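> show me how the following folds:
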Amino acid sequence: MAALSPDAILLTGRVAVVTGGARGIGLAVAETFAAFGAHVAVCDRDKPPFGEPAMTLDVRDPVAAEVFARAVGERWGRVDVLVNNAGGTFHAPFESLSPRGERTLIEENFTQLTAMIRRLLPLMAPGSSIINVTSSEAHQAAPGFAVYAAMKAAVESLTRSLALELAPRGVRVNAIAPDALPTEGEEGVRERMLADGSLPYEPVRLPPLGRLGDPVEAAGAAVFLAGDLARFVTGTTVHVDGGIHAAGGWRRT
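This next block holds a predicted model:
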C-alpha cells in the first residue's frame with residue numbers, strides 16, 4: 001500500500017453533517033471541518049452561524065430532523081461524515097428526577113442519535129465515517145447525572161456494535177469522549193450543580209496535563225477520525241480530556 005500523503009489530513013470536497021453545531025464543541029468541529037475543505041451541513045436548536053444547509057431545529061423532533069436529512073440529500077446527494085454532537089443534560093439527583101425528565105435525557109442523548117444515523121446512512125458510501133460525541137461520564141460515575149451518563153455509555157456501546165455491523169460496507173464508526181473543555185453550556189450546568197448543594201461531590205477540573213482544554217482540540221480529533229489518516233480505525237473512542245480518563249482516581253496536585 002502506498003504511503004499516505006500530506007493531503008490525507010484534508011477533507012477537501014467531503015460532505016460533513018454536524019448536529020448541535022451552533023456553539024461549543026459542535027461549532028468548533030463544523031468550523032474546523034470547513035477549514036480543512038469540507039462542505040458542512042449544520043443543525044441546532046440555536047441558529048447555526050453557517051452551513052449548507054444550516055437549519056434551526058430540535059433533533060428530537062422527528063419531522064424537523066427528517067426535513068433536515070432530506071435537505072442534505074437534495075443539496076449534496078451523499079454524506080461522507082456524520083458527527084452526532086447534539087445532546088444535553090441537567091443536574092438532578094436520581095430520586096428527584098421525574099419520568100418526564102428521564103425521557104428527555106434519553107431522547108436528547110440517545111434516541112435522536114440512532115434516528116439520525118438511520119436517516120443518513122443510506123447516503124453514506126464506503127469510506128464514510130460516523131463520529132459520536134459522548135462524554136467522560138460514559139466511563140466513570142456521575143452523581144447527579146446518572147441517566148445522562150447511562151445514555152452516553154449506551155452511545156459508546158452502540159458505537160462499537162455499529163462499527164462491526166457497518167464494517168462490511170466500509171463505513172467506520174468511532175466516538176470522541178471530551179472532558180475539561182469548557183463551553184457555555186457545560187459551565188452553566190456546573191454552576192447550577194454547585195449552587196444546588198444537594199450532593200457532597202464536586203467534579204475535578206484540573207486534568208493531568210495541568211490546564212483546561214478548548215473545544216477546538218475535540219475538533220482536531222474529529223478531523224482525524226473523519227479523514228484518511230484514520231481509514232483503519234473503527235469501533236474505538238478517542239478521549240480528549242487532558243488525561244482524566246487515564247488518571248482514574250489519581251488527581252494532579
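> can you give me the helices in the stretch 51-200 of the chain?
Assigned by DSSP state H, counting those that start in this stretch, the stretch 51-200 of the chain shows helices spanning 62-76, 99-106, 112-120, 146-166, 184-196.
> dump those into CSV; add mean neighbour count, distance to Pro53 and mean pLDDT as well.
From N, CA and C alone the C-beta is placed, and that goes for glycine too. CSV is the format used below for these (neighbours: other C-beta atoms under 10 Å; distance: least, C-beta to C-beta, whole Å; pLDDT from 0 to 100):
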stretch, mean neighbour count, distance to Pro53, mean pLDDT
helix 62-76, 16, 5, 98
helix 99-106, 14, 26, 97
helix 112-120, 19, 13, 98
helix 146-166, 19, 25, 98
helix 184-196, 13, 23, 61
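> figure out which of the ones you listed is closest to Ala28.
Comparing the helices of the stretch 51-200 of the chain against Ala28 with C-beta to C-beta, the closest turns out to be helix 184-196 (12.2 Å).
> other residues contacting the helix or strand following the closest one?
Next along the chain after helix 184-196, taking DSSP states H and E as the criterion, comes helix 215-226. With C-beta atoms under 8 Å, 6 or more residues apart in numbering as the contact definition, helix 215-226 has outside contacts at 9, 11, 14, 16, 24-25, 27-29, 31-33, 36, 38, 80-81, 83, 129, 131, 133, 172, 174, 176, 178, 181, 183, 230, 233, 238, 240.
> so which of the helices of the stretch 51-200 of the chain comes closest to His245?
Checking those against His245 by C-beta to C-beta gives helix 146-166 as the closest, at 11.8 Å.
> the inter-axis angle of the closest one versus helix 112-120?
30 degrees (axes from the mean of the first three to the mean of the last three C-alpha atoms, to 10 degrees).
> helices or strands up against helix 146-166?
helix 99-106, helix 112-120, strand 129-133, strand 172-178 (3 or more C-beta pairs under 8 Å, 6 or more residues apart in numbering; DSSP states H and E).
> surely Val29 is in a strand?
No - judged by DSSP: H, G, I helix; E, B strand; the rest coil, Val29 forms no part of a strand; its state is helix.
> next, the contact list for it, please.
Remark: with contacts taken as C-beta under 8 Å, 6+ apart, Val29 is in contact with Val18, Gly21, Val83, Asn85, Ala218, Ala219, Ala222.
> among those residues, who's most crowded?
When neighbours are taken as other C-beta atoms under 10 Å, the top entry among those is Val18 (33 neighbours).
> which secondary structure element is home to that residue?
Counting by DSSP H and E, the secondary-structure element that holds Val18 is strand 15-19.
> can you check Phe33 too?
When secondary structure is defined using DSSP H and E, the element that contains Phe33 is helix 24-35.
> next SSE after that helix?
Counting by DSSP H and E, the next helix or strand C-terminal to helix 24-35 is strand 39-44.
> what's in contact with that next one?
Residues outside strand 39-44 that contact it (C-beta under 8 Å, 6+ apart) are 13-23, 26, 30, 33-34, 48, 50-57, 59, 65, 68, 71-72, 75-76, 86.
> residues in contact with the nearest residue to Asp214 once chain neighbours are set aside?
If the residues on either side of it in the chain are set aside, Asp214 comes closest to Leu181, at 6.3 Å by C-beta to C-beta, 6 or more residues apart in numbering. Contact partners of Leu181, counting by C-beta under 8 Å, 6+ apart, are Ile25, Leu212, Gly213, Asp214, Pro215, Glu217, Ala218, Val240, Asp241.
> widest-spaced pair of those?
Within the contacts of Leu181, two members stand farthest from each other by C-beta to C-beta: Ile25 and Leu212, at 13.5 Å.
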